[in-house]
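A.B. asks: Below is the sequence, then the predicted model.
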Amino acid sequence: MAVSLDTEGFRDSLVILGAAGIVIPAFARFRISPVIGFILVGLAVGPAGLGSLAGEMPWLYHVTISDREAIQPFAELGIILLLFSIGLELSFKRLWSMRTDVFGVGAAELLGSGAIVALALYLLGQPPSGAIGLGLALALSSTALVLPMVGTQGPVGRAAFSMLLFEDLALVPIIFMLGALAPSVGAEGQQLTNLASTVMRGGATIAVMLILGRIALPHVFRQAARTKSPEVFLAASLLVVIVSSLATALVGLSPIVGALLAGILIAETEYHGEVEVMTAPFKGLALGVFLITVGMSLDLRVIIANWSVLLAAVVGVVIAKTIVTALLLRLSGARRAVALEVGVLMSSPSETTLIVLSAAAAAGLILPETAAFWQIVTAIGLTITPLLARVGHDIARRIEMGSSEEPQPLGEDGRPPAAVVIGFGRVGHMVCDMLALHNQPFLVVESDADVVADARRNNYPIVFGDVARTEMLDKLRLGHARALILTMDDPVLSVRVTKRVRGWVPDLPIIARARDTDHAAELYRAGASDVVPEALESSLQLAETALVDLGIAMGPVIASIHQRREELREEIKNAGDLDHSPRLRRMRKDEAGIV
């Protein structure tokens, strides 16, 4: 049987795939978030854009999307896969450690923002029940947009995730509460009964999923892995997501709760990395479909006709949520820059705002035209979320760079002597972590402003400065330091700094990173106390691992590696001319070949 390709669904699919193929590379080329690109595509090809001209120009019928509702299920799938991928980065231990932030700060943020917005709308003439519904709807923030931009690992991502997680969990109770506020006789008791029933059934379902998931999922993915077929592994992953989402949806909870739980369960297995790689392309494409539907909900003609009112509404919601969120985070102990960045990032409404608006309109709490107005406000807020994220990050960086909490120079305020680490890249970061692990005080100097801002958000004692300038080295007062550790990846600068500091502070231990034995010898001649050549250390580490794996006892191996390291170090120190050392000449040739 022949299948007709001239259908709305097939044409819409081609438009979506074409948009993904064009938008992502084009916006990546100009370093612009593809989020904006997808929304603009939805605006352009939707019923309010070029789609409205299809009757006059029939050829547009083939490059526009005529039915927004037809692609809505794919948009919902994108949000489900997003929550699933977030779950893959979590664990039950991490969730338990976040319980105070989720149910403390998260609950306060949702209720506080909702109360402020509801009060403002009530003063503007909304009835109390309608103001409450709109306040709770607009207090929600976008999980689909915020978390992909900031992740869940840093202080900004952790704070945002804890609040977003509470909002996702609170979605169903909010919808039931709006039903209870509906102006219908005798409905309140029924709604409360339904809410209690949903909570009980949902709790039982989650408990069953937790038990079955821990028992069954390792066996399911082990069997899929044994087939050595990527298709089977992908099918198993999608099956787990869909079944989990359906299970929570059937008992009245949000499908995204099931998706998040499925991700957390898989994260407890050894297959989570492979699952994350397999599902990533589907998540990105489905999320793009969701953003296209957001753009399709915008109508430029309506926006232009009501631009002043819409602008006031968007600005009012953004300011209210920014203030509430930032103040709560500040009260909970977050740094000023982190609190402000999260506040701005979380200030726009959410995709779930559209769900709550529909529920409020269905319950008769707000008029249909009021719901339509705030749906446009929500779509505009989602569109500007990447811009708000950029603004919040820039402001936070400026706050961090001008912070009065900048560490004081050594020797002031009675501070104990500390090690000075210059450079906070991959090597410097690891050195500082080890110093902190052994309770050794240290001060970091870094010339990259973004790195300094991020390090301060993670509470590292770091100052911004360029050690290539003599006055910066003077400001550090290295005569009060216990050691100087050079980790920057600039061989010329590291030699120059070593010479300068050794001339000023003859007894200061200087430990430096070197690229190879030539660079190490030059640093020793400049006055370094100890030098660690990267190529030499990697060779010794490789030899140690190989000898242990060959069955030789760990003790003799470590002793021989240590002895060889000391021999080579002495040769490098004593080599005034590297050509006088046959072993070092051979090592230099080997390093040149490796490089």
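C.D. replies: Done, it's in. Numbers count the residues shown, from 1 in each chain.
A.B. asks: C-alpha only now, for contacts and for neighbours.
C.D. replies: OK.
A.B. asks: pLDDT weak spots in the stretch 401-550 of the chain?
C.D. replies: Scanning the stretch 401-550 of the chain for pLDDT under 70 picks out 401-417.
A.B. asks: which stretches of it form helices?
C.D. replies: 426-437, 449-457, 470-476, 491-504, 517-526, 534-549 (DSSP state H, counting those that start in this stretch).
A.B. asks: Residues in contact with the second one: which ones?
C.D. replies: In this case it means helix 449-457. Contacts to helix 449-457, defined as CA atoms under 8 Å, 6 or more residues apart in numbering, come from residues 155, 335, 337-338, 396-397, 400-401, 424, 446, 461-464.
A.B. asks: Which stretch among the helices of the stretch 401-550 of the chain is buried most, on average?
C.D. replies: With neighbours taken as mean count of other CA atoms under 10 Å, the helices of the stretch 401-550 of the chain reach their highest mean count in helix 517-526, at a mean of 22.
A.B. asks: just checking, what packs against that one?
C.D. replies: Packing partners of helix 517-526 (3 or more CA pairs under 8 Å, 6 or more residues apart in numbering; DSSP states H and E): helix 491-504, strand 510-514, strand 530-533, helix 554-574, helix 582-594.
A.B. asks: how about 10 Å then?
C.D. replies: helix 491-504, strand 510-514, strand 530-533, helix 534-549, helix 554-574, helix 582-594 (3 or more CA pairs under 10 Å, 6 or more residues apart in numbering; DSSP states H and E).
A.B. asks: Make a markdown table out of those and add distance to residue 149.
C.D. replies: Shown next, in a markdown table, are the helices and strands packed on helix 517-526 (distance: least, CA to CA, whole Å):
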| stretch | distance to residue 149 |
| --- | --- |
| helix 491-504 | 35 |
| strand 510-514 | 34 |
| strand 530-533 | 37 |
| helix 534-549 | 34 |
| helix 554-574 | 44 |
| helix 582-594 | 38 |
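A.B. asks: in which helix or strand would I find the closest residue in space to residue 107 that isn't next to it in sequence?
C.D. replies: Nearest residue to residue 107, sequence neighbours excluded (CA to CA, 6 or more residues apart in numbering): residue 166, at 6.5 Å. Using DSSP states H and E, residue 166 falls within helix 155-180.
A.B. asks: Flag every buried residue along that helix.
C.D. replies: Residues 155-168, 170-180 are the ones in helix 155-180 that count as buried (16 or more other CA atoms under 10 Å).
A.B. asks: got the angle for that helix vs helix 449-457?
C.D. replies: 70 degrees (axes from the mean of the first three to the mean of the last three CA atoms, to 10 degrees).
A.B. asks: Please pull up the helix or strand immediately following helix 155-180.
C.D. replies: The helix or strand immediately downstream of helix 155-180 is helix 187-226, counting by DSSP H and E.
A.B. asks: From residue 486, how far out is residue 530?
C.D. replies: 11 Å (CA to CA, to the nearest Å).
A.B. asks: Now do the shared contacts for those two.
C.D. replies: 510-513 (CA atoms under 10 Å, 6 or more residues apart in numbering).
A.B. asks: Just give me the closest of those residues to residue 383.
C.D. replies: residue 513 (46.1 Å; CA to CA).
A.B. asks: Touching, residue 564 and residue 539? I think so.
C.D. replies: No - when contacts are counted by CA atoms under 10 Å, residue 564 is not listed as touching residue 539 (11.2 Å).
A.B. asks: need the contact list for residue 150.
C.D. replies: Taking CA under 10 Å, 6+ apart as the criterion, residue 150 is in contact with 156-158, 160-161, 342, 345, 389.
A.B. asks: isn't residue 541 right up against residue 561?
C.D. replies: Yes - at 8.4 Å, residue 541 counts as touching residue 561 under the criterion of CA under 10 Å.
A.B. asks: Residue 350 contacts residue 378, correct?
C.D. replies: Yes - when contacts are counted by CA under 10 Å, residue 350 is listed as touching residue 378 (6.7 Å).
A.B. asks: any residues in contact with both of the two?
C.D. replies: Contacts common to residue 350 and residue 378, judged by CA under 10 Å, 6+ apart, are 137-138.
A.B. asks: now the helices for the stretch 1-150 of the chain?
C.D. replies: Under DSSP H, counting those that start in this stretch, the stretch 1-150 of the chain gives helices at 8-29, 34-45, 72-88, 92-97, 99-100, 106-123, 128-139, 143-150.
A.B. asks: quick one, the second one and helix 143-150 angle?
C.D. replies: Taking the same axes, to 10 degrees, helix 34-45 and helix 143-150 form an angle of 140 degrees between their directions.
A.B. asks: Numbering from 681 from now on, please.
C.D. replies: Yep, numbering from 681; the last one is helix 714-725 now.
A.B. asks: Just checking the distance from helix 714-725 to the centre of its chain.
C.D. replies: 22 Å (CA atoms, centre = their mean, to the nearest Å).
A.B. asks: Kindly report the same for the fifth one.
C.D. replies: For helix 779-780, the distance between its averaged C-alpha position and the chain's averaged C-alpha position is 19 Å (CA atoms, centre = their mean).
A.B. asks: by contact count, what packs against that helix?
C.D. replies: helix 786-803, helix 835-860.
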